[in-house]
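Student: Could you work out the structure for the sequence below:
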Amino acid sequence: MTHHKLKKGDPAPKFTLINQYEKEVTPMPQSGAKTLLSFHPLAWTSVCEIQMRTLEVKKNIFDDLGVIAYGISVDSVPSKKEWAAAIGVTETNLLADFWPHGEVAERYGLFNADKGISGRANVLIGADKTIEWIREYEIFQVPDIEEVIKIASG
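Tutor: A predicted model of the protein is given here:
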């Protein structure tokens, strides 16, 4: 089943995934908060590491803006757990979209079935649980976190 790319104003698909601490996480539960879903292809790769560490470094700014950021890739929970510890990501939830493989990325129109990974993208979801902004990046491109912060501060 192929899902179309989501666009601004579309309802954001709900989901629950397991984080690096082996806990179930359901983004978008808090009313009044915005959600940033930061999709990245694979753990243990350099560009993905920068992308996830940046979420962690900017957490205070996101907190001030009322934005909760999540990193998502198709890696398994044990891999996410080891990787998060290795790169020092402790406050930001890194979610494993592992089984069914890439299902969340697929629902957001970001799954690359040929490679078995998600694309690199940032999705900002408003408090009303609709897509406020979505941007896909080249696989080797580090997403510009300042652009995300600017959009989120609206």
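Student: what bits of this protein have low per-residue confidence?
Tutor: Low-confidence segments of the chain, defined by pLDDT under 70: 1-3.
Student: mind running it again at 50?
Tutor: Per-residue confidence of the chain (counting by pLDDT under 50) places the weak regions at 1.
Student: where do the strands sit along it?
Tutor: If you assign secondary structure with DSSP state E, the strands in the chain sit at 17-18, 24-25, 34-39, 67-73, 93-96, 111-112, 117-118, 120-125, 131-137.
Student: Would you mind giving those strands as TSV with distance to S153 added?
Tutor: C-betas here are computed from N, CA, C, even on glycine. Conversion of those to TSV gives the following (distance: least, C-beta to C-beta, whole Å):
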stretch	distance to S153
strand 17-18	27
strand 24-25	25
strand 34-39	10
strand 67-73	9
strand 93-96	22
strand 111-112	30
strand 117-118	26
strand 120-125	11
strand 131-137	12
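Student: any chance of those strands in TSV, plus mean neighbour count and distance to G9?
Tutor: Shown next, in TSV, are the strands of the chain (neighbours: other C-beta atoms under 10 Å; distance: least, C-beta to C-beta, whole Å):
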stretch	mean neighbour count	distance to G9
strand 17-18	21	24
strand 24-25	13	25
strand 34-39	25	15
strand 67-73	24	19
strand 93-96	25	24
strand 111-112	19	22
strand 117-118	22	22
strand 120-125	23	11
strand 131-137	18	7
